[in-house]
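Enquirer: just to be clear, the model below is a prediction. Sequence and coordinates:
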Amino acid sequence: MDWQALLLTLRLATLTTAILLVIAVPLAALLALGRSRWLSLIEAITALPLVLPPTVLGFFLLVLLGPRTAVGRGIIATLGHPLAFSFSGLLVGSVIYSLPFAVQPITAGFAAVNPALVDAARLLGADMPRLVGTVLLPLARRSIVVAAVLSFLHTIGEFGVVLMLGGDIPGATRTLSIVLYDQVESFHYAAATRTAVALLAMSIVALVAIYATGAGRGLGREMAREDRRG
Amino acid sequence: MIFGPSGAGKTTLLRALAGLERGGAARIAMEGEDVASLPPGRRRIGFVTQQAALFPHLSVNANVGYGLHGMARDARVVRVLEMLRLVGAEHLVGSRSSHLSGGEAQRIALARALAPMPRLLLLDEPFSALDGKTSDELLARLQPWLRERGVRVIQATHDATDAFLTHAEVVLLRDGQIVAQGPGFEVLQAERERLARSLNVAQRPAS
């Protein structure tokens, strides 16, 4: 068992999920409650990673964030190294790749909150942050859990983006799914089986934990919805 | 008093006044101030809807105190208790808001709407969950309090007794249009005449 890769994978999944929740909550509030015409565009853009082939996403990030572009040069100046072939690059890629898995369940959860409650809160003087914090989040708790689990599991299983952007660097970008790929390529099937089982086990443990708390009752529906949409 | 049958647009009118409907009114004047451009939370309007719309995850106290966000904690507690006493719900202090009866919920919703001392109170069939005697008693407590603080009230109802037996100004709404406006008994009289005329017209061809 490649413990370094396992820890790296868990670290990537945890950080990605944390960042996604921070980004997704305000975005979801905007999408669920907003009235601007631009919102359909924003909604479409956040859904893009669902249909984009992961390798394409990885490729574009490689090029767009590389030293040939102004953005890329800015990143090199700030971080001291390019985004590609680094953990930070993987993090950026993972966040974009799993964005819809976080935004869509939370948007649905917020939209499902009784509009009369939103109206009442507005009339009593609640601004958007207060509305989200005191009314939407408490009443859409289950959707937050769904978003977190989906993002976490989606990141663990990530391959195409990591392949393009990562560079297979042990300790930095060599995630478990890359390890599995390498092991199969070099015919180490026994090791590959162990790696695959580890990946499977992580997914099962996460899902069971969620279903056991009862929050999972929405998860099946959410995943079915994602399948149908994606 | 806004009077009209179901579907006439009473709720929509109230919601438009509160700023909850998109588009519509160009100018809404309150005390000489045009509030149409203000967000609902800044118009100093209290609104009690037919369904009380209490926050189910918050206690009764937290519900009533929701609009008192800027207030110091002690002052807020005092105001909340004062409001609960006003609507005759002191016994519900500290309760969870999810197990209340319809009538209790409406009282709490009323307390919540009045706590921030609005200048206008909008009521959408607010006493539908209370029996006649209870709602009379509640009104009797409220009216002096409202009058003292200069709070104007606009109430939507489809109950003719409510609408025409008060001394209030009545706005008669039908199919989204205001068809009559004036003191209750005048509007009632005009309606009676209109009905009589329409019956005469119907009878003439037969004879």
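Expert: Structure received.
Enquirer: show me where chain B has helices.
Expert: Along chain B, counting by DSSP state H, helices occupy B:10-18, B:60-64, B:73-86, B:102-114, B:132-148, B:160-164, B:184-206.
Enquirer: and of those, who's closest to chain A?
Expert: helix B:10-18 (6.1 Å; Cβ to the nearest Cβ). Backbone N, C-alpha and C define where each C-beta goes, glycine included.
Enquirer: show the average pLDDT along the closest one.
Expert: Taken as a whole, helix B:10-18 carries a mean pLDDT of 79.
Enquirer: ditto for stretch B:38-55
Expert: Across stretch B:38-55, the per-residue pLDDT values average to 85.
Enquirer: quick check, central residue of chain A?
Expert: Centroid-nearest residue in chain A: A:Ser98, 2.9 Å away (criterion: Cα atoms, centre = their mean).
Enquirer: okay, now the residue lying closest to B:Pro126 once chain neighbours are set aside: neighbour count?
Expert: Ranked by Cβ to Cβ, 6 or more residues apart in numbering or on different chains and with sequence neighbours excluded, the top spatial neighbour of B:Pro126 is B:Val48, at 4.8 Å. Number of residues near B:Val48 (other Cβ atoms under 10 Å in any protein chain shown) recorded here: 26.
Enquirer: ditto for the one 3 residues further on
Expert: One way to gauge burial is a neighbour count; for B:Gln51, by other Cβ under 10 Å, it gives 15.
Enquirer: coming back round to it: tell me the bridge partners for the residue nearest to B:Pro126.
Expert: Note on B:Val48: beta-bridge partners by DSSP bridges are B:Leu123.
Enquirer: for it, list the residues it contacts.
Expert: Counting by Cβ atoms under 8 Å, 6 or more residues apart in numbering or on different chains, B:Val48 makes contact with B:106, B:109-110, B:113, B:121-124, B:126.
Enquirer: and those, which is closest to B:Arg147?
Expert: B:Leu121 (11.9 Å; Cβ to Cβ).
Enquirer: which positions in chain A make contact with chain B?
Expert: Within reach of chain B by Cβ under 8 Å from any Cβ of the partner chain, chain A has these residues: A:35, A:114, A:116-117, A:119-127, A:130, A:134-135, A:138-139.
Enquirer: same thing but 6 Å
Expert: A:116-117, A:119-120, A:122-125, A:138 (Cβ under 6 Å from any Cβ of the partner chain).
Enquirer: return the member of the helices of chain B having the minimum mean pLDDT.
Expert: Note on the helices of chain B: lowest mean pLDDT is at helix B:160-164, with a mean of 66.
Enquirer: low pLDDT regions in chain A?
Expert: For chain A, applying pLDDT under 70 flags the ranges A:213-230.
Enquirer: now do the helices in it.
Expert: A:3-33, A:39-51, A:54-64, A:70-79, A:87-111, A:115-123, A:128-131, A:137-139, A:141-156, A:160-166, A:176-185, A:189-212, A:217-229.
Enquirer: of all those, which lies closest to B:Leu199?
Expert: helix A:115-123 (40.8 Å).
Enquirer: give me the number of neighbouring residues for residue 101.
Expert: You didn't say which chain, so I picked chain A. Counted with other Cβ under 10 Å, A:Phe101 comes out at 27.
Enquirer: right idea, wrong chain: chain B
Expert: Residues lying near B:Ser101 (other Cβ under 10 Å) number 10.
Enquirer: OK, contacts around it?
Expert: Neighbour list for B:Ser101: empty [criterion: Cβ atoms under 6 Å, 6 or more residues apart in numbering or on different chains].
Enquirer: can you list the residues of chain B near chain A?
Expert: With Cβ under 6 Å from any Cβ as the criterion, chain B meets chain A at residues B:20, B:40-41, B:47, B:53, B:57, B:66-67.
Enquirer: by neighbours, which of these wins?
Expert: Using other Cβ under 10 Å as the neighbour test, these are led by B:Phe47, with 29 neighbours.
Enquirer: I'd guessed that residue sits against B:Leu121; true?
Expert: No - when contacts are counted by Cβ atoms under 6 Å, B:Phe47 is not listed as touching B:Leu121 (7.8 Å).
Enquirer: overlap in contacts of these two?
Expert: Contact with both B:Phe47 and B:Leu121 is made by no residue, according to Cβ under 6 Å, 6+ apart.
Enquirer: and the residues of chain A next to chain B, which of them are buried?
Expert: Listed as buried from the residues of chain A next to chain B are A:117, A:119-120, A:122-125; burial here means 16 or more other Cβ atoms under 10 Å in any protein chain shown.
Enquirer: which one of those sits closest to B:Arg174?
Expert: Of those, the one sitting nearest to B:Arg174 (Cβ to Cβ) turns out to be A:Asp119, at 25.4 Å.
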